[in-house]
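Sequence first, predicted coordinates after that:
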Amino acid sequence: MSNFLSDKETDFAFAMDTIEPTTSMDSAVNTRPLLQKSESDSDFDEDPIAIRKEGIDEEIDIKDTRPLFNNWEPADRYQIGYIIFYILGTVILLPWFFFITAEEYWMYKFRPLSANVTITENGRSELQASFTSYMTLAATVPSTLFLIINPLINHKISLNVRMHGSLVTMLILFIVTTVFVKVDTDHWQEEFFLVTLGIVILLNIASAILQSAVFGVVGRFPSKYIAGTMRGLALGGIIAATAKIVSLFVGASPAISALAYFIMADAFIVISILAYMFLASTLFFKFHCEELPRHGSIQYEPVHTVEKPSSPIIRDISYTAILKKIWVHGMSLWYCFVVMFTVYPAVTVLIKSTTVGNPTWTDVYFVPVVTFLLYSVCDYLGRIISAYLTISEKRTWWIASISLARTGFIPLIMLCNAQPRQHLPVLFNYDTIYIVIMIAFGLSNGYLANLTFISVPKIVASHEQEVASTMLAAFLGVGIACGSIISLLIVTLL
């Protein structure tokens with residue numbers, strides 16, 4: 001018997017190396033590793049067979065308040081899982097950030113090449129003048145549609161197919177875009193215009209699928225992981241803005257700058273593919289994705305591997321019930337991004353510096369530094385602050401009130417020195433006032449967005465977390481689309 005138990009203890013020690021027992025606030029829950037002896041244990045605790053035999057022979061009533069099963073959770077060693085979700089959050093929008101950051105490159109590709117080309121009032125060809133509008137439309141419509149559809153079809157397509165499929169599609173599209181930088185498209189600009197819009201459509205469909213997949217799966221993890229993913233989203237904006245400023249500083253040509261942007265996007269996508277492949281193979285990931293049982297039990301067979309349950313529990317998902325639980329959070333997030341995209345970047349890129357005597361700052365660096373880099377940094381900091389300055393997920397109307405209060409940023413930014421303008425006066429004709437407004441605008445956006453995403457998984461059941469998180473991603477996408485449409489009207493009111 002002693003040899004038998006020693007072998008079993010060895011097996012359990014092997015299994016417990018990768019398992020961290022989770023603690024509970026309830027003192028009645030036993031959180032000790034299995035077969036670990038404590039000072040209060042009796043001899044029966046060491047030999048469960050002896051307990052059964054003694055109970056049968058002498059009919060002794062043994063009352064043990066400890067649960068038969070111990071809760072356990074694999075460790076995220078070296079925070080690798082957190083880092084990978086951070087990377088995945090960054091890569092969701094980073095390729096698109098680089099795409100729109102290369103505006104000078106697109107203007108170069110569609111520049112007028114002959115005297116027969118029609119020139120608009122601002123000195124651009126028709127392709128140059130219409131490209132940004134068409135690109136915004138090609139990005140917003142398919143992205144919004146797929147963000148809405150994804151929560152309804154996610155359960156029909158495996159997570160790995162959605163993750164790998166979207167990432168590989170994005171990689172192929174950006175490789176093609178990178179190659180076009182070195183291709184002479186001067187003699188077929190109209191065809192290249194259509195090809196580019198097709199790439200934009202497919203890229204944003206893939207990005208929407210990736211966004212729903214990432215937020216759906218990270219919703220099953222502790223709140224710090226979804227917070228890390230949200231910070232990764234903001235980090236993408238910082239990287240793109242920094243790359244823009246660096247390219248201006250070194251005086252790189254539009255083609256060289258675009259080539260650098262697209263190669264960086266290719267590298268980030270490759271890294272994210274490899275990182276997700278590693279994460280999906282870990283015990284930590286499989287545990288939170290419910291591919292492994294959450295309890296360990298006393299067994300008499302060798303415990304070298306943990307197998308999937310033979311008959312997993314299938315729970316019905318009620319989309320209506322989930323929506324009733326999260327609709328206030330969802331609408332708050334939706335309106336947060338409506339306010340953001342109503343003025344950013346459509347109005348903010350028009351704001352000119354009032355500094356006199358420094359044309360380099362006024363004409364070259366003001367918009368990239370203040371409008372893009374400063375805003376992105378503050379957005380990122382707001383997401384960090386939300387981890388320390390929290391609001392209970394039950395206080396939904398506090399979250400809604402913060403979202404509604406951000407409406408005030410729309411007139412504040414419109415009354416800054418945005419040029420050209422025909423209707424509204426300029427009330428804030430100082431760079432410092434505009435900078436303070438942008439700091440508050442970025443901090444509040446990041447704070448509210450992160451707070452909403454970390455709150456929703458706490459107010460739904462565990463089997464509803466993936467759908468709830470993908471629904472929240474849909475609210476975000478629709479908010480971006482609505483804000484972008486409203487921005488077209490706002491610009492005409494200046």
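Arrived safely.

so residue 169 touches residue 206, yeah?
Yes. Judged on C-beta atoms under 8 Å, residue 169 makes contact with residue 206 at a distance of 4.1 Å. Heads up, the C-betas are built off the backbone N, CA and C, glycines and all.

of these two, who's got more company?
Shown here are residue 169 and residue 206; by other C-beta atoms under 10 Å, residue 206 has more neighbours (24 against 18).

Can you give me the buried ones in whichever strand or helix holds the more buried one?
With elements taken from DSSP states H and E, the one containing residue 206 is helix 189-218. Neighbour counts using 16 or more other C-beta atoms under 10 Å place 189, 192-193, 196-197, 199-218 of helix 189-218 among the buried residues.

pLDDT of it, averaged?
Across helix 189-218, pLDDT averages out at 92.

and the helix or strand following that helix, how far from the chain's centre?
Downstream of helix 189-218, the next assigned helix or strand under DSSP H and E is helix 223-250. Counting by C-alpha atoms, centre = their mean, to the nearest Å, helix 223-250 is centred 12 Å from the centre of its parent chain.

Whichever helix or strand comes after helix 223-250 vs helix 223-250, what angle?
Next helix or strand after helix 223-250 toward the C-terminus (DSSP H and E): helix 254-280. Counting by axes from the mean of the first three to the mean of the last three C-alpha atoms, to 10 degrees, helix 254-280 points 160 degrees away from the direction of helix 223-250.

Now do helix 254-280: distance to the chain's middle.
16 Å.

Would you mind listing the buried residues in it?
Taking 16+ other C-beta under 10 Å as the criterion, helix 254-280 shows 254, 257-262, 264-266, 268-269, 272-273, 275-276, 279-280 as buried.

which helices and strands does it pack with?
The elements that helix 254-280 packs onto, with contact taken as 3 or more C-beta pairs under 8 Å, 6 or more residues apart in numbering; DSSP states H and E, are helix 80-101, helix 103-109, helix 159-181, helix 223-250.

continuing past that helix, what's the next helix or strand?
Heading C-terminal from helix 254-280 (DSSP H and E), you reach helix 283-288.

Show me what counts as buried in that following helix.
284-288.

From the contact counts, what lies against that helix?
Partner elements for helix 283-288 (3+ C-beta pairs under 8 Å, 6+ apart): strand 70-74.

Just the buried positions in stretch 327-347, please.
Quick answer for stretch 327-347 (16+ other C-beta under 10 Å): 328-347.

Look up how far residue 440 lies from residue 493.
Using C-beta to C-beta, to the nearest Å, residue 493 is found at 22 Å from residue 440.

Once you drop chain neighbours, what's closest to the residue nearest the centre of the chain?
Centroid check for the chain by C-alpha atoms, centre = their mean gives residue 89 as the closest residue, at 3.9 Å. Take residue 89 and drop its neighbours on the chain: the residue closest to it by C-beta to C-beta, 6 or more residues apart in numbering is residue 232, 2.5 Å away.

mind listing what residue 243 touches?
98, 101, 260-261, 264 (C-beta atoms under 8 Å, 6 or more residues apart in numbering).

Please apply the same query to residue 474.
Counting by C-beta under 8 Å, 6+ apart, the residues that residue 474 touches are 147-148, 150-151, 212.

From the residues you listed, pick the one nearest residue 425.
Using C-beta to C-beta, residue 147 is the member of the contacts of residue 474 that lies nearest residue 425, at 38.4 Å.

rewinding a little: higher neighbour count, residue 493 and residue 440?
residue 440 (16 against 11).

Distance check, the more buried one against residue 413.
11 Å.

again, but for residue 317
In terms of C-beta to C-beta, residue 317 sits 41 Å off from residue 413.

ok so, going back, quick one: the residue nearest to the centre of the chain from residue 245, how far?
22 Å.

cool, residue 216 as well?
To residue 245, residue 216 is 35 Å away according to C-beta to C-beta.

rewinding a little: list just the nearest of the contacts of residue 474 to residue 458.
Among those, and counting by C-beta to C-beta, the member closest to residue 458 is residue 151, at 18.6 Å.

Quick check: that closest one vs residue 494, distance?
37 Å.

Neighbour count for those two, which is higher?
Counted by other C-beta under 10 Å, residue 151 and residue 494 do not tie: residue 151 has more neighbours, with 23 against 16.

If we ignore the residues flanking it in sequence, what's nearest residue 371?
Looking at residue 371 with C-beta to C-beta, 6+ apart, the closest residue is residue 348, at 4.6 Å.

Contacts only, for the one you found.
367, 371, 375, 413, 418, 438.

mind checking pLDDT for the first one?
As predicted, residue 367 sits at a pLDDT of 90.

The second one now?
In this model, residue 371 is scored at 91, pLDDT.

re earlier: and the residue nearest to residue 371, backbone torsions?
Phi and psi for residue 348, reported as degrees, to the nearest 10, are phi -60, psi -30.

Let me know the distance separating it from residue 355.
Residue 348 is 17 Å from residue 355, by C-beta to C-beta.

And residue 451, by the same measure?
36 Å.

So which of those two has more stuff around it?
Set residue 451 next to residue 355 and count neighbours by other C-beta under 10 Å: residue 451 wins out with 28 against 12.

name the element the more buried one belongs to?
Going by DSSP H and E, residue 451 is part of helix 431-455.

and that helix with helix 189-218, angle?
50 degrees.

What's the local residue count around residue 356?
Residue 356, neighbours per other C-beta under 10 Å, totals 7.

Same list (the buried residues of helix 283-288) but as a markdown table, adding distance to residue 131.
Formatted as a markdown table, the buried residues of helix 283-288 follow (distance: C-beta to C-beta, whole Å):
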| residue | distance to residue 131 |
| --- | --- |
| 284 | 45 |
| 285 | 41 |
| 286 | 45 |
| 287 | 47 |
| 288 | 43 |
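
out of these, who's nearest residue 456?
Closest to residue 456, out of all of the buried residues of helix 283-288 and judged by C-beta to C-beta, is residue 288, at 16.3 Å.

Was I right to think the closest one contacts residue 219?
No. Taking contacts as C-beta under 8 Å, residue 288 lies outside contact range of residue 219: 9.9 Å.

Quick check: neighbours shared by these two?
Between them, residue 288 and residue 219 share no contacting residue, judged by C-beta under 8 Å, 6+ apart.

Using PDB, list the CA coordinates for stretch 202-216.
C-alpha atoms of stretch 202-216 as PDB (Å, rounded to 0.1, in the frame of the first residue of the first chain):
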ATOM      1  CA  LEU A 202     -11.200  42.800 -47.600                       C
ATOM      2  CA  LEU A 203      -8.800  44.200 -45.100                       C
ATOM      3  CA  ASN A 204     -11.500  45.600 -42.900                       C
ATOM      4  CA  ILE A 205     -13.700  42.500 -43.200                       C
ATOM      5  CA  ALA A 206     -10.700  40.400 -41.900                       C
ATOM      6  CA  SER A 207     -10.000  43.000 -39.200                       C
ATOM      7  CA  ALA A 208     -13.700  42.900 -38.100                       C
ATOM      8  CA  ILE A 209     -13.600  39.100 -37.800                       C
ATOM      9  CA  LEU A 210     -10.300  39.300 -35.900                       C
ATOM     10  CA  GLN A 211     -11.600  41.900 -33.600                       C
ATOM     11  CA  SER A 212     -14.700  39.900 -32.700                       C
ATOM     12  CA  ALA A 213     -12.700  36.700 -32.300                       C
ATOM     13  CA  VAL A 214     -10.100  38.400 -30.000                       C
ATOM     14  CA  PHE A 215     -12.600  40.200 -27.800                       C
ATOM     15  CA  GLY A 216     -14.800  37.100 -27.700                       C
END
